[in-house]
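Novice: compute the structure for the input listed below.
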Amino acid sequence: MAGLVLDGVTKLFGRTAAVDAVDLSVADGEFLAVLGPSGCGKTTLLRLIAGFERIDGGSISLGGRVVSDSAKRLHVVAEERRVGIVFQSYALWPHMTVAGNVGYPLSVAGVKGQAHDDRVGAALDLVGLSGFGTRRPAELSGGQRQRVALARCLVMEPSLVLLDEPLANLDVHLRASMEDEFAAFHAKTRATMVYITHDQAEAMALADRIAVMDGGRIVQVAPPRVLYAEPATAMVAGFIGKGAVVEATVLERLDQGRAVARIGGVTARLRCSATTGLGPALACLRPEDLTPGADGLPTIVRRATYKGGVTALDLVPEGMPGVTLPLMVGDGRVPEPGQRLTLAIGDGWIIPAGR
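Specialist: Numbering: from 1, shown residues only. The predicted model follows:
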């Protein structure tokens, strides 16, 4: 059963569609990340699902129950949707104890006594904070405060958990630790989770599937490996991973999802979809697709950046203005800026036509 279904969901601000005819289905127990650049509409989408904003078109269903329907002018208010939300700011009351913060939604809902205490204890145990109930938020680390916010969300037993950039305020080491925490939590509870982020590394590490947004629309929904290997649009190809989008000409279709294409003055066998035709196209080339070789694209090294164990090179191919190709090289002799380097194309992906 689908935990969340969006059908043609639209939200207008004036004449601008912040969310534009979005269709999306999230399975019960699935961890979906919504990924995109700033201003793409992902936070507005979260607010629509939570019930903080009214939709201007389409409908939203949670667990089979319609909670928003523009045609029927139906809008179930946020507090009646059984949706839990974890914000990047934690939003904890500093004067309350950890237990007080976690139990606050229960108190508002009129849950008291042993039932209240049992649910608070269970929520804290679920996020690994048993024994922390008497502490104040100021006595906790950033990661512990984020887990308190998660426990407060879970104590109301929501049908859906929304996470809005929950790791944005943490340092890089703590973010890595909290990624493990969120993954372990999801594995333990199998809660339906929608994770809003602009950080593709977080999305790749955590999500069962990733929905990429661009200009208010969802342009591709796929598991992380498929998203990386087979981007549906030039935007996804450039946004996910370190890849280059280049002009190509498809010369011949081969068996087993391959085609011969010309890039610059070089031909290469690239992966392609079943709908790929002959003629002009765009191709996505990733660092692992390229190797220095005697026969290939002539390039000039524009920049070399040491990454610890490897050096990232930005290469400008001759006769292809505006294109920068990425290459990773290991320890040893590293090409310097201004040096010529020939690149062999061992693999790549032809982006489906019209995308």
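Novice: make it CA atoms for all contacts and neighbour counts henceforth
Specialist: Fine.
Novice: counting by contacts, list what the helix ranked longest in the chain packs against.
Specialist: In the chain, taking DSSP state H as the definition, the longest helix is helix 172-189. Under the contact criterion of 3 or more C-alpha pairs under 8 Å, 6 or more residues apart in numbering; DSSP states H and E, helix 172-189 touches helix 142-154, helix 200-206.
Novice: run through who's touching it.
Specialist: Phe31, Leu126, Val127, Gly142, Gly143, Leu167, Glu202, Ala205, Leu206 (C-alpha atoms under 8 Å, 6 or more residues apart in numbering).
Novice: and it with helix 142-154, angle?
Specialist: Helix 172-189 runs at 30 degrees relative to helix 142-154, counting by axes from the mean of the first three to the mean of the last three C-alpha atoms, to 10 degrees.
Novice: number the chain from 26, please
Specialist: With the count now opening at 26, the last piece we talked about shows up as helix 197-214.
Novice: kindly provide the whole-number mean pLDDT of helix 197-214.
Specialist: On average, the pLDDT along helix 197-214 is 76.
Novice: one more: stretch 249-259?
Specialist: Per-residue scores along stretch 249-259 average to 95.
Novice: thinking again about what came up before, need the helices and strands packed on helix 197-214 in JSON lines (columns: mean neighbour count, mean pLDDT and distance to Thr336).
Specialist: As requested, the helices and strands packed on helix 197-214 are arranged in JSON lines below (neighbours: other C-alpha atoms under 10 Å; pLDDT from 0 to 100; distance: least, C-alpha to C-alpha, whole Å):
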{"stretch": "helix 167-179", "mean neighbour count": "24", "mean pLDDT": "85", "distance to Thr336": "32"}
{"stretch": "helix 225-231", "mean neighbour count": "18", "mean pLDDT": "89", "distance to Thr336": "19"}
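Novice: need these in CSV (columns: distance to Tyr115).
Specialist: Below are these laid out as CSV (distance: least, C-alpha to C-alpha, whole Å):
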stretch, distance to Tyr115
helix 167-179, 6
helix 225-231, 18
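Novice: just to revisit the earlier point, which one of the contacts of helix 197-214 is nearest Arg278?
Specialist: Ala230 (34.3 Å; C-alpha to C-alpha).
Novice: contacting residues for Trp41?
Specialist: For the record, residue 41 is Thr, not Trp. Contacts of Thr41 (C-alpha under 8 Å, 6+ apart): none.
Novice: do the same with Pro248
Specialist: Applying C-alpha under 8 Å, 6+ apart, the residues contacting Pro248 are Ala232, Asp233, Arg234, Ile235.
Novice: from Val30, how far off is the residue sitting furthest away from the middle of the chain?
Specialist: For the chain, the residue at maximal distance from the C-alpha centroid (C-alpha atoms, centre = their mean) is Gly138, at 40.4 Å. Separation of Gly138 from Val30 (C-alpha to C-alpha, to the nearest Å) stands at 37 Å.
Novice: before we move on, what about Pro256?
Specialist: Pro256 is 23 Å from Val30, by C-alpha to C-alpha.
Novice: now do the helices in the stretch 126-275 of the chain.
Specialist: Assigned by DSSP state H, counting those that start in this stretch, the helices in the stretch 126-275 of the chain fall at 138-151, 167-179, 197-214, 225-231, 249-254, 259-264.
Novice: which one of those helices lies nearest to Val123?
Specialist: helix 167-179 (6.8 Å).
Novice: neighbours around Leu49, how many?
Specialist: 15 (other C-alpha atoms under 10 Å).
Novice: walk me through the domains of this structure.
Specialist: 27-254, 267-373 (automatic domain parsing).
Novice: what's the closest of those to Val261?
Specialist: Of the domains of the chain, nearest to Val261 by C-alpha to C-alpha is domain 27-254, at 7.3 Å.
Novice: what's the weakest-modelled helix or strand in this structure?
Specialist: helix 197-214 (a mean of 76; mean pLDDT, DSSP states H and E).
Novice: related to what we said a few turns ago, CSV for the domains of the chain, including distance to Val261?
Specialist: Below are those laid out as CSV (distance: least, C-alpha to C-alpha, whole Å):
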stretch, distance to Val261
domain 27-254, 7
domain 267-373, 10
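Novice: in contact with Gly61, which residues?
Specialist: Contacts of Gly61 by C-alpha under 8 Å, 6+ apart are Lys67, Thr222, His223, Val237, Met238, Asp239.
Novice: which two from those end up farthest apart in space?
Specialist: Thr222 and Asp239, at 13.1 Å, using C-alpha to C-alpha across those.
Novice: out of the two, which sits in the more crowded spot?
Specialist: Thr222 (23 against 20).
Novice: ok, the more buried one touching Asp189?
Specialist: Yes: counting by C-alpha atoms under 8 Å, Thr222 touches Asp189, with 6.8 Å between them.
Novice: neighbouring contacts of stretch 263-283?
Specialist: 225, 252-253, 259, 262, 284-289, 294-299, 302-312, 348-351.
Novice: okay, and which of these map to strands?
Specialist: 284-288, 294-296, 304-310, 350-351 (DSSP state E).
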